[in-house]
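Colleague: My questions concern the predicted model and sequence given below.
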Amino acid sequence: MGYVLDLRQTVGSRPLIVVGAAALVVQTGQLLLVKRRDNGLWGLPAGSKELNESLATTAQRELREETGLIGHQPKLLGVVSGTHMQYQYPNGDQIDSVTATYALQAIGEPQASDETSEVRLFDWQQLPAALTPITKHILNELELSDLKA
């Protein structure tokens, strides 16, 4: 069981400040997104940091768990937090997320997982309308013009 899930046993679904990381993978000018099983929305591969884990390692682990891809050469793009990073999961759990976003090079063949129903590359101009609120905010907050080329 993960650190946040352990905390949930004590605090229930009350808001938790959660530190995590998101993986931003761009291949041939397209952005990799995953379709989440819990809410059916598209988002960046992302998740909460575990104890004794660096944020760069969190981004790499989440990319592997959600897509099967191996990420390397993590480059910190920025840290996003604030009121737009608050979210309530379908099960009622609430978070106030502080998310470090890393650009990663990825190798392997993408595949869905227990957490994701689909993994796909999207053109920047044709991102799905059904993005998670946190993904929308991250993409709006970060200066990503270098990655879109």
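Modeller: Nice, I can see it.

Colleague: In its sheet, which strands sit next to the lengthiest strand in the chain, and in what direction?
Modeller: Secondary structure of the chain per DSSP state E: the longest strand is strand 94-107. Its sheet considered, strand 94-107 pairs with strand 16-24 (parallel), strand 70-80 (antiparallel), strand 86-88 (antiparallel) by DSSP bridges.

Colleague: shaky segments in the protein?
Modeller: Residue ranges of the chain with pLDDT under 70: 1, 146, 149.

Colleague: Now mean neighbour count and distance to Glu109 too, for the strands paired with strand 94-107, in TSV please.
Modeller: In this view, the C-beta of every residue, glycine as well, is placed from N, C-alpha and C. Formatted as TSV, those follow (neighbours: other Cβ atoms under 10 Å; distance: least, Cβ to Cβ, whole Å):
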stretch	mean neighbour count	distance to Glu109
strand 16-24	22	16
strand 70-80	16	11
strand 86-88	15	30
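
Colleague: out of these, nearest to Leu121?
Modeller: Nearest to Leu121 among the strands paired with strand 94-107 is strand 16-24 (12.3 Å), distances taken as Cβ to Cβ.

Colleague: Show me the contact partners of the closest one.
Modeller: The contact list for strand 16-24 (Cβ atoms under 8 Å, 6 or more residues apart in numbering) reads 4, 7-8, 31-32, 44-49, 55-56, 58-60, 62-63, 71, 77, 93-104, 106, 135, 138, 144, 147.

Colleague: then the longest strand of the chain to CSV, C-alphas only?
Modeller: Taking Å, rounded to 0.1, in the frame of the first residue of the first chain, the C-alpha atoms of strand 94-107 are listed here in CSV:
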residue,chain,number,x,y,z
GLN,A,94,-9.8,15.2,-1.7
ILE,A,95,-6.3,16.5,-2.5
ASP,A,96,-4.5,19.8,-2.7
SER,A,97,-1.7,18.8,-5.1
VAL,A,98,1.8,20.2,-5.4
THR,A,99,3.1,18.7,-8.6
ALA,A,100,6.6,18.8,-10.1
THR,A,101,6.4,18.2,-13.8
TYR,A,102,9.3,16.6,-15.6
ALA,A,103,10.0,16.3,-19.4
LEU,A,104,11.1,12.7,-20.0
GLN,A,105,12.5,10.8,-22.9
ALA,A,106,10.7,7.4,-23.1
ILE,A,107,11.4,4.0,-24.6
